[in-house]
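Enquirer: Any chance you can model this:
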Amino acid sequence: TQAMFEVLDEESDERLSVIRLLDFNSEMARMGVVARLQNMSTEDQNVAKLFVFVKGAPEIIAMKCKRSSVPADLHDVLAEYAQQGLRVLGLACRELTETESEIRKMPRAKLEKDLKFAGLVILENRLKSDTSQVIRELSNRGGLRTLMITGDHSRTAISVARQCGILSSTSSVIVSDVEEKPSKVPSKSKDNPVRAAEFLHGVCFVDMKDPSKKLSSSEVLARLGAGSSSSSMTTAPSAELVLTGAAFRKLDEEFTSAMNPPSSLSLVQTNREQILALFKAVLTHGSVFARMSASDKSRLVNLLRSEIDPHVGMCGDGANDAAALKEASVGISLCEGIDADATASLAAPLTSRKATIRAVLDTVLEGRAAAAASLSAFRFMFLYSSIQLFSVLLLYFVGSTYGDGQFLFVDLCLIIPLGILMGKTQPSKYLGTQAPPASLSSQIILLSTFSQTLIQLLFQLLTIKLIHNISGLQLSFSEMQELTIKHAEPWVLCADNSALFLVSNFQYIWTCVAFNIGRPFRVSIFTNRAFFFMICTLSALCFLLLWLLTTEVGSLSWFGKALQIEVLPNNLRVQLVFVVIGNLLASLFAENLLIVFFFR
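Expert: Model (predicted):
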């Protein structure tokens, strides 16, 4: 029969051919192969032996082996290696007596029965050079909670978590696991009706420093600083929590029962509250979840989103992580090279081509910058409409309005270039503890928008006031009406129109600058070279329009006629220059004041 692949040992002249693959299954925590061993030096090469080889989690492999073949000190040796942060796999095998055709049809459970324990494989999976730094930035600078969810042994997970900073090197650790032989649950009494809930049947909590002492639910809650459901009092946690997948599943069952108790077996209210408080403490304070299957990971992410915080990110690099990556708010697949596991990549919306968790930090920075840019774009477009609305309304009061050329200049020369380039600013290189507002109705967005709107309106009113202070410069409303009737269209060529148009041009630019200062979620506006160049170019253009087109020669030029600019006195032009400079300073001051107040 044709083999899937073969290995030839030239020294012994033996050939090992794999004829059946027992795929890895995260729920089973193992995989295996059926292989044919042939000695090529014998005369009859058709004589072969058939073996099944299995590898996986040592505890699972030991359960599949004959008890006589499993070393008595297996768990002690396993714990010793795991405590050093090493990944441990168990190996087992068995010679098969059936024929190849029978083996190909044989159920997997029968193949993996009565195995002989062969030994342990010790693997060292060292931390990436930037892992600890990234976790420090996420936890300390960003104020984000970081958890480890792994299929490795709990002691391996604890060792690695201490190395990378998820667990403090000095704090005590509470480990939760299932008991092989559950101890009897203390019975309830009239004096202590919640005694049954103090020790959950089948689940134990122990301190790593004293594994012989079992902690009650109340002791666990107190050590975690979670208080209880009946009290809102919380204290600083004195320990960190590590759970195994088996304990997590058992607690999840208790939680589900407490949430939906059968009518005939309804829980005592105090017991129910104790279970709910304990499970919420697990979700809130659990730092490491070990020996977790793919379904466990997915369930944990789902519970974190539904019970703790709807915004949960997850990164992973294997098929075991695919379901959890899909369940998370933001899933990041860490794939490196063309041979990387594609399952996680297909499940996650984001894929990093470098297998390092720096992708998580980059995603947070990019996401915050994108949110800040979107909020800035909304405010800018709102201010663009408001500035134009105010100036048109003010012109209506004097019997004028904007001309077609002026509307076209604002849209084509100012708004479109600024709108395109303002979002190109890169994210900040440093993570802060605060995130951008999640809603357009948030306090800082409303205050920023309102303050900028008020500033632009006040400076437009100041412009009209300056025109009114110069006698003979402003036409009366009746004179404007006569000109409108005479030319059969609103009269544009007047001092009010030209002054407001020129000042409002600067206001579009200044509000765009104020909303895109950069910090705290983006780098400085100066790093966005195209945007900064456009700001300088448009500002210079608007200053030229203000200073040159308002002269007799400038107003008669082709550009002056297209924009319908009226001649303005020299003293008014100087005053308007100070107005636009003051407008810029006021806009920047107001926005910086809000940033300092809300993001200090």
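
Enquirer: What separation do you get for Phe515 and Ser504?
Expert: 17 Å (CB to CB, to the nearest Å). Placement of C-beta: from N, CA and C, glycine included.

Enquirer: Looking at these two, which is more packed in?
Expert: Ser504 (27 against 23; other CB atoms under 10 Å).

Enquirer: Would you map out the domains in the chain?
Expert: Following automatic domain parsing, the chain resolves into domains at 5-123, 131-363, 367-599.

Enquirer: Averaging pLDDT over each of those domains, report the lowest-scoring one.
Expert: The minimum mean pLDDT among the domains of the chain belongs to domain 131-363 (a mean of 81).

Enquirer: what about that domain, how long is it end to end?
Expert: Distance across domain 131-363, first residue to last, is 15 Å (CA to CA, to the nearest Å).

Enquirer: same check, this time on stretch 408-426
Expert: Stretch 408-426 end-to-end distance (CA to CA) = 30 Å.

Enquirer: Mind listing what's buried along it?
Expert: Buried residues in stretch 408-426, defined by neighbour count with 16 or more other CB atoms under 10 Å: Phe409, Val410, Cys413, Leu414, Ile415, Pro417, Leu418, Leu421, Met422, Gly423, Thr425.

Enquirer: Stretch 129-145 now?
Expert: For stretch 129-145, by 16+ other CB under 10 Å, it's Thr131, Val134, Ile135, Glu137, Leu138, Gly142, Leu144, Arg145.

Enquirer: Can you list the neighbours in contact with the strand or helix carrying Ala161?
Expert: Assigned by DSSP states H and E, Ala161 belongs to helix 154-164. With contact meaning CB atoms under 8 Å, 6 or more residues apart in numbering, helix 154-164 is reached by 79, 81-88, 127, 131-132, 135, 148, 150, 152, 167-169, 173, 175, 177, 208, 242, 244, 287-291.

Enquirer: Could you tell me which helix of the protein is the longest one?
Expert: Secondary structure of the chain per DSSP state H: the longest helix is helix 358-397.

Enquirer: Can you name the residues that contact the nearest residue to Asn302 once chain neighbours are set aside?
Expert: Nearest non-adjacent residue to Asn302, counting by CB to CB, 6 or more residues apart in numbering: Glu327, 5.4 Å away. Applying CB under 8 Å, 6+ apart, we find Glu327 in contact with Ser298, Val301, Asn302, Arg305, Met314.

Enquirer: which one of the residues you listed is nearest Asn25?
Expert: Closest approach to Asn25 among these (CB to CB): Ser298, at 15.0 Å.

Enquirer: so that closest one touches Ala328, yeah?
Expert: No: the criterion here is CB atoms under 8 Å, and Ser298 misses it with Ala328 at 9.2 Å.

Enquirer: quick one: the strands in the stretch 301-450 of the chain?
Expert: Here the stretch 301-450 of the chain has its strands, by DSSP state E, counting those that start in this stretch, at 313-316, 330-334, 350-352.

Enquirer: what number of residues lie near the nearest residue to Met259 once chain neighbours are set aside?
Expert: Once flanking residues are discounted, Met259 sits nearest to Leu276: 7.6 Å by CB to CB, 6+ apart. Leu276: 18 surrounding residues under other CB under 10 Å.

Enquirer: tell me which element Leu276 is part of?
Expert: Per DSSP H and E: helix 269-285 holds Leu276.

Enquirer: buried residues in that helix?
Expert: Within helix 269-285, the residues scored as buried using 16+ other CB under 10 Å are 271-285.

Enquirer: Report the distance from that helix to the chain centre.
Expert: Relative to its chain's centre, helix 269-285 lies at 27 Å (CA atoms, centre = their mean, to the nearest Å).

Enquirer: and it, what does it pack onto?
Expert: Contacts defined by 3 or more CB pairs under 8 Å, 6 or more residues apart in numbering; DSSP states H and E place helix 269-285 against helix 195-198, helix 217-224, strand 239-244, helix 245-259.

Enquirer: Identify all contacting residues around the following helix or strand past the shortest one.
Expert: As assigned by DSSP H and E, the chain's next helix or strand after helix 195-198 is strand 203-207. Residues lying outside strand 203-207 but in contact with it, judged by CB under 8 Å, 6+ apart, are 172-179, 183, 212-217, 219-220, 239, 247, 250-251, 254.

Enquirer: one more time with 10 Å, if that's ok
Expert: For strand 203-207, contacts defined as CB atoms under 10 Å, 6 or more residues apart in numbering pick out 172-179, 182-183, 199, 211-217, 219-220, 223, 239, 241, 243-244, 246-251, 253-254, 278, 282.

Enquirer: cool, stretch 16-25 as well?
Expert: Outside stretch 16-25, the residues that touch it by CB under 10 Å, 6+ apart are 1-9, 28, 30-38, 48, 50-56, 100, 103-104, 106, 108, 111-112, 293-294, 318-320.

Enquirer: Report the buried residues of it.
Expert: Leu16, Ser17, Ile19, Arg20, Leu22.

Enquirer: Same question for stretch 348-364.
Expert: 348, 350-352, 356-364.

Enquirer: And stretch 321-332, by the same measure?
Expert: Going by 16+ other CB under 10 Å, stretch 321-332 has these buried residues: Asp321, Ala322, Ala323, Ala324, Leu325, Lys326, Glu327, Ala328, Val330, Gly331, Ile332.

Enquirer: Would you state the helices of the stretch 451-600 of the chain in chain order?
Expert: 477-487, 495-515, 529-548, 552-555, 558-563, 570-599 (DSSP state H, counting those that start in this stretch).

Enquirer: follow-up on the earlier one: inside strands: which ones of the contacts of stretch 16-25?
Expert: 5-9, 30-38, 48, 50-56 (DSSP state E).

Enquirer: what about stretch 60-69, how long is it end to end?
Expert: End-to-end distance (CA to CA), stretch 60-69: 14 Å.

Enquirer: Can you give the distance of it from its chain's centre?
Expert: Counting by CA atoms, centre = their mean, stretch 60-69 is centred 42 Å from the centre of its parent chain.

Enquirer: before we move on, back to that, save the strands of the stretch 301-450 of the chain as CSV, and put in distance to Gly405 too.
Expert: Below are these laid out as CSV (distance: least, CB to CB, whole Å):
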stretch, distance to Gly405
strand 313-316, 51
strand 330-334, 47
strand 350-352, 47
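
Enquirer: if I look at Ser298 and Ala328, which residues touch both of them?
Expert: Met314, Asp321.

Enquirer: Count the neighbours of the residue nearest to Pro427 when sequence neighbours are not counted for me.
Expert: In space, and not counting its chain neighbours, Pro427 is closest to Ala369: 3.3 Å by CB to CB, 6+ apart. Neighbours of Ala369 under the rule other CB under 10 Å: 20.

Enquirer: My understanding was that Ala369 contacts Tyr430; is that so?
Expert: No: the criterion here is CB atoms under 10 Å, and Ala369 misses it with Tyr430 at 11.8 Å.
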